[in-house]
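[1] task: produce atomic coordinates for the following.
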Amino acid sequence: MPTTRIHLLPALLANQIAAGEVVERPSSVVKELVENSLDAGARRIDIEVQEGGISLIRVRDDGGGIHRDDLALALSRHATSKIRSFEDLVAVRSLGFRGEALPSIGSVSRLSMTSRLSDGEQAWRVDSDGDHFSEPTPAAHPAGTTVEVRDLFFNTPARRKFLRAERTEFNHLEEVVKRIALSRFDVSFNLSHNQRPVHGLRAAAHEVERAKRVAALCGQAFIDSAVAISFDAGELRLRGWIGLPTFSRSQSDMQHFYVNGRVVRDKLVAHAIRQAYQDVLYHGRHPAFVLYLEVPPQEVDVNVHPTKHEVRFREGRSVHDFLFRGIHDALAQVRPASAPAPFESTLPEGTPPAVAVRAWSGVGYGRSASQSHLSLAVKEQVDAYGALHPPVPITPNELQRATEPGIPPLGYAIAQLHGVYILAENSDGLVMVDMHAAHERITYERMKQAHEQGRVISQPLLVPVSLRVSEHEARLAEEHHGVFAELGFEINRLGPDTLAIRQLPALLCEADVTQLVRDVLADLATHGGSARITEHLNEIMATMACHGAVRAHRKLNLPEMNALLRDMERTERSGQCNHGRPTWVQLRMDELDKLFLRGR
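    Numbering: from 1, shown residues only. Next up, the predicted model:
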């Protein structure tokens, strides 16, 4: 093969190569142009597209505008007003800063840009047709900037043929606008397609107005089933809405996460959120959320991907733990009511609400006559956890409070339906409770808390298990010896690439211990820690809780049913069972009236 000389690429070809990274489809153009408008201080952005954005994209804003002498410079590569030094680069506060968007877009389209400074007397316009741009000419335009992009990929037919149908391209474009609109409540957004209005979103200054925008973009069902979250730790702040586990999705299509106002899709963030939902979400389902994370700009690197969808945190583990704790605690606080139940004063002083779980006559944790098929091992495990938290007796007065003011959130039981559901009356109407699912969650939370407060029971192995790993993994096992010991493992390093497992948690005696250790080491290498053993323990405890919970078709009397309702009111995550199913539903009086056509 003949040797070719090194040469500089022509400017147009260099811009088209950059466009391959930045401009994938019309939605990519809209993203870059709208982000430029936001960086310019716009408070109103109008987006008009035709044929899915293929033939026309027009973005108009009321921002600060561009100086006449800077219009042509804005279409040159690596020209930007957003950074001036390396110090600015390591603490980026703007959405765009590479200086590649406009020249990349201009190299694959017919672009025109008209702008007027907020204090300027005259607007100016510059045009580009792919390989060169005109001198600025006077134009009529209000303060702000308008960018028109016509005939996208007209000079790169190979790229144009990969575009999809008009409807598909517009769906992608609309999704980009929705994501950006969720990030800036202080800005008005208007989107039209083929001269037909699609979205008209006014600026939202108050929390109620912001919730309305979220409902308009994500659906009223989401906001009705969401929990507002506000969590701070040091310089980290987390705000937004998280969907209840019962409002889950088959796809991860309603997950909006922002870091300092920037839309991101990050593996570390996804892992933390998945961990927070791990024992309240039905298997194979995805949570819905709109979350905003604020971190010091110098603690996050946004310059790791051309489209800036990915970020890198300087203290990734701290951010992971912060997100997990904030979401996990918010979900744990979702109970039938936030106020303490009126009977709570009867508990012993200092008893934690999640621990003070009551038992009812005839129903024990793993000791019911209807559960005699349970194996002895499971009974002993359940009984061991139950013995750590003796039941609180029910006072006779509690059963006579239905006529007194201050009815508990779940009310008082009135009947049992087919031995499966408890029917209760509260101040809002009718409450229906799946008694097995509810008791399963109560038992599971008791087991978890007892495990956290007590010492993990370990079981020595008669014959140690030898495990071959890489030298890096062997070093990790040696460095994190304390982590394994805290979880009930005793692991020694026998050689450069050999480990010996001498002791493991008693609850994991039936598990594939070698695979579990390998997975934990992989987590330690990726995340600096591992929740895999805890997850496995939680799975076993969830199974035990399911077997230990009161079974369907078992008749309960009113004291037993009322005791279960009171337990639910003080138990964390009592709205879902261990498998993500709802444990109770409320039918308000107006909903019941509609069923019977009352008031017509």
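
[2] how far off centre is stretch 45-60?
    Relative to the chain's own centre, stretch 45-60 is displaced by 31 Å; criterion: C-alpha atoms, centre = their mean, to the nearest Å.

[3] ok, residues contacting that stretch?
    For stretch 45-60, the surrounding residues in contact (C-beta atoms under 8 Å, 6 or more residues apart in numbering) are 25-27, 29-30, 33-34, 37-38, 61, 144-152, 160, 163, 165-170, 173, 177, 187-195. Backbone N, C-alpha and C define where each C-beta goes, glycine included.

[4] buried among those? Need that as a selection in ChimeraX.
    Remark: buried members of these, expressed as a ChimeraX selection using 16 or more other C-beta atoms under 10 Å:
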select :25,26,27,29,30,33,34,37,38,61,144,145,146,147,148,149,150,151,152,163,166,169,170,173,177,187,188,189,190,191,192,193
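
[5] please flag which of the contacts of stretch 45-60 sit within helices.
    Residues of the contacts of stretch 45-60 located in helices (DSSP state H): 26-27, 29-30, 33-34, 37-38, 160, 166-170, 173, 177.

[6] and these, which two are the farthest apart?
    Maximum pairwise distance in those, criterion C-beta to C-beta, is 28.4 Å, between Leu38 and Arg160.

[7] just give me the least confident of the ones in helices among the contacts of stretch 45-60.
    Within these, Arg160 has the lowest pLDDT, namely 87.

[8] that residue and Val149, how far apart?
    According to C-beta to C-beta, to the nearest Å, Arg160 stands 13 Å off from Val149.

[9] repeat that for Gly326.
    Gly326 sits 40 Å away from Val149, going by C-beta to C-beta.

[10] name the SS class of Asp46, please.
    strand (DSSP: H, G, I helix; E, B strand; the rest coil).

[11] quickly list what it is bridged to.
    Arg60, Asn190 (DSSP bridges).

[12] okay, it: pLDDT?
    Asp46 is assigned a predicted lDDT (pLDDT) of 97.

[13] give me the distance between it and Val198.
    Asp46 is 12 Å from Val198, where distance means C-beta to C-beta.

[14] list the residues that contact both of those two?
    Any residue near both Asp46 and Val198 by C-beta under 8 Å, 6+ apart counts here, and that gives Ser192.

[15] hmm, Thr145 is touching Ala40, no?
    Yes. Using C-beta atoms under 8 Å, Thr145 is in contact with Ala40, at 6.6 Å.

[16] how about the secondary structure of the nearest residue to Ala215 once chain neighbours are set aside?
    Leaving aside its sequence neighbours, Ala215 sits nearest to Ile223 (C-beta to C-beta, 6 or more residues apart in numbering; 4.3 Å). At Ile223, secondary structure determined by three-state DSSP is helix.

[17] which parts of whichever strand or helix holds Val319 are buried?
    Applying DSSP states H and E as the criterion places Val319 in helix 316-332. Judged by neighbour count (16+ other C-beta under 10 Å), helix 316-332 contains these buried residues: 316, 318-324, 326-328, 330-332.

[18] dump these to a markdown table, plus distance to Lys555 and pLDDT.
    Shown next, in a markdown table, are those (distance: C-beta to C-beta, whole Å; pLDDT from 0 to 100):
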| residue | distance to Lys555 | pLDDT |
| --- | --- | --- |
| Gly316 | 53 | 89 |
| Ser318 | 52 | 92 |
| Val319 | 51 | 94 |
| His320 | 47 | 93 |
| Asp321 | 46 | 93 |
| Phe322 | 47 | 95 |
| Leu323 | 45 | 96 |
| Phe324 | 41 | 93 |
| Gly326 | 42 | 95 |
| Ile327 | 39 | 95 |
| His328 | 36 | 91 |
| Ala330 | 37 | 91 |
| Leu331 | 33 | 89 |
| Ala332 | 32 | 86 |
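
[19] so how far is stretch 145-165 off the chain centroid?
    34 Å.

[20] what about that stretch, start to end distance?
    From its first residue to its last, stretch 145-165 covers 30 Å (C-alpha to C-alpha, to the nearest Å).

[21] what are the ranges of the strands in the stretch 151-300 of the chain?
    Along the stretch 151-300 of the chain, counting by DSSP state E, counting those that start in this stretch, strands occupy 188-193, 196-201, 226-233, 236-243, 255-259, 262-263, 289-294, 300-301.

[22] could you say what helices and strands the helix or strand containing Leu494 packs with?
    Per DSSP H and E, Leu494 falls inside strand 490-495. Strand 490-495 sits against strand 458-468, helix 471-479, helix 481-486, strand 498-505, with contacts defined as 3 or more C-beta pairs under 8 Å, 6 or more residues apart in numbering; DSSP states H and E.

[23] okay, now the closest residue to Thr145 other than its chain neighbours: neighbour count?
    Once flanking residues are discounted, Thr145 sits nearest to Ser115: 4.1 Å by C-beta to C-beta, 6+ apart. Look at Ser115: counted by other C-beta atoms under 10 Å, it has 28 neighbours.

[24] kindly report the same for Pro336.
    Neighbours of Pro336 (other C-beta under 10 Å): 22.

[25] that one against Gly411, yeah?
    No. Pro336 is beyond contact range of Gly411, at 9.4 Å (criterion: C-beta under 8 Å).

[26] and stretch 126-139, what's its mean pLDDT?
    Averaged over stretch 126-139, pLDDT sits at 86.

[27] what about stretch 440-457, distance to the chain center?
    When distances are taken as C-alpha atoms, centre = their mean, stretch 440-457 is centred 26 Å away from the chain's centroid.

[28] re earlier: number of residues surrounding the residue nearest to Ala215?
    Neighbours around Ile223, by other C-beta under 10 Å: 21.

[29] quickly note the distance from it to Gly240.
    Taking C-beta to C-beta, one finds Ile223 at 11 Å from Gly240.

[30] again, but for Tyr258
    8 Å.

[31] looking at those two, which is more packed in?
    In this view Tyr258 and Gly240 are compared by other C-beta under 10 Å, and Gly240 has more residues nearby, 24 against 20.

[32] what sits against the closest residue to that one other than its chain neighbours?
    Leaving out its chain neighbours, the residue that sits closest to Gly240 by C-beta to C-beta, 6+ apart is Leu291, at 3.9 Å. Residues in contact with Leu291, defined by C-beta under 8 Å, 6+ apart, are Ile229, Leu238, Arg239, Gly240, Trp241, Ile242, His256, Phe257, Tyr258, Ile273.

[33] swap in 10 Å and give it another go.
    229, 238-242, 255-259, 269, 273, 323, 326-327 (C-beta atoms under 10 Å, 6 or more residues apart in numbering).

[34] and for Ala542?
    Counting by C-beta under 10 Å, 6+ apart, Ala542 touches Asp279, Glu440, Arg441, Thr443, Tyr444, Met447, Lys448, Cys577, Asn578, His579.

[35] give me the neighbour count for the residue nearest to the last one when sequence neighbours are not counted.
    Take His579 and drop its neighbours on the chain: the residue closest to it by C-beta to C-beta, 6+ apart is Tyr282, 6.1 Å away. The burial metric for Tyr282, expressed as a neighbour count using other C-beta under 10 Å, is 13.
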